[in-house]
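**Student:** Output the structure for:
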Amino acid sequence: MGLFSELLGAFNPASHDEAQQNYQQVYQQPHHEGSLTHEALAGAAGFAAMHAYESHLRATGQPVSHPLMKEILAAAAAAEVDKLVETKGLDYLDRAKAKKMAEKQAHALAEQRYGSGNTGFEYARSQGGPAQEFRG
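**Tutor:** Residues are numbered from 1 along each chain as shown. Okay, the predicted model is just below:
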């Protein structure tokens, strides 16, 4: 096992409430200038990815497979990391590490919310309403 895998293996994804706090800390604050950790960024990006995924499910009304859900969450989490690094001045963070952590965070949040092996389709449908970007 390489050093990167060992470091990532030590990352424990946040709970839904902790990830939501990370989301609010990251998205509702102006420029951060070196004050955020990889963990906070991963929590925020994973949380945002979950809500983007749920919005997608509500907008399309189409169920997805579990492997596709994981791919969508991984892509959305990575995109959120890129967006945050660019817009919040977080160039000091290791993007690859943050992306892997955000992916792990999004997958953990999905398992917490939907249960192991489920895709969240029924959950998203039960929320109803229009698909819109999550604002916290």
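
**Student:** low-confidence ranges in this structure?
**Tutor:** For the chain, the stretches flagged by pLDDT under 70 are 1-10, 30-35, 129-136.

**Student:** Now do Tyr53: how many residues are near it, please.
**Tutor:** Residues lying near Tyr53 (other CB atoms under 10 Å) number 23. Backbone N, C-alpha and C define where each C-beta goes, glycine included.

**Student:** can you check Val64 too?
**Tutor:** Counted with other CB under 10 Å, Val64 comes out at 17.

**Student:** just the helices in this protein please.
**Tutor:** 3-9, 16-27, 38-60, 66-88, 95-114, 121-127 (DSSP state H).

**Student:** how far off helix 95-114 does the second one point, in degrees?
**Tutor:** Right, helix 16-27. 140 degrees (axes from the mean of the first three to the mean of the last three CA atoms, to 10 degrees).

**Student:** for helix 16-27, packing partners?
**Tutor:** Taking 3 or more CB pairs under 8 Å, 6 or more residues apart in numbering; DSSP states H and E as contact, the helices and strands that helix 16-27 lies on are helix 38-60, helix 95-114.
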